[in-house]
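In: heads up, no residue letters with this:
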């Protein structure tokens, strides 16, 4: 559910931050270049969200933190830790430069979008927990 909220709000933050970055596009266009890239991207994104939810569930069992605070903290920490991997997207993604996949690593607007998206994801996940 939290990953779906993230994906549905992407067009809003793209307009607000004037940056075309889309996680759904990055994921979907990595596995198919056809018209089904959006469905593929949404499916992969939902799977990633479910896997994160499992990790969050296990963390809740051992960490004495309020669920929403823990989920936001974990999501933003994951974002900051993995954002340097954008180098790989910038260099090797088969659709780099296409709509939804601008340069990421040195793009402060894309970093802001990713930070917002992870915080939103964490807030929704924590609220649902």
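Out: Okay, I see it. In this text the structure is predicted, and so the values were computed from the model without any measurement.
In: residue nearest the centroid of the chain?
Out: residue 23 (5.5 Å; Cα atoms, centre = their mean).
In: Verify the contact between that one and residue 118 for me.
Out: No: look at residue 23 against residue 118 with Cβ atoms under 8 Å: they stay out of range, at 10.0 Å. The C-beta positions use only the backbone N, C-alpha and C, and glycine is treated the same way.
In: quick one on the thing from earlier: excluding sequence neighbours, find me the nearest residue to the residue nearest to the centre of the chain.
Out: Leaving aside its sequence neighbours, residue 23 sits nearest to residue 45 (Cβ to Cβ, 6 or more residues apart in numbering; 6.1 Å).
In: how about the nearest residue to residue 63 once chain neighbours are set aside, what does it touch?
Out: By the measure of Cβ to Cβ, 6+ apart, the closest residue to residue 63 outside its immediate chain neighbours is residue 70, 6.1 Å from it. For residue 70, the contact set (Cβ atoms under 8 Å, 6 or more residues apart in numbering) comprises 56, 59, 60, 63, 126.
In: helix/strand/coil for residue 70?
Out: Recorded secondary structure, residue 70: helix (DSSP: H, G, I helix; E, B strand; the rest coil).
In: Cool, thanks, talk later.
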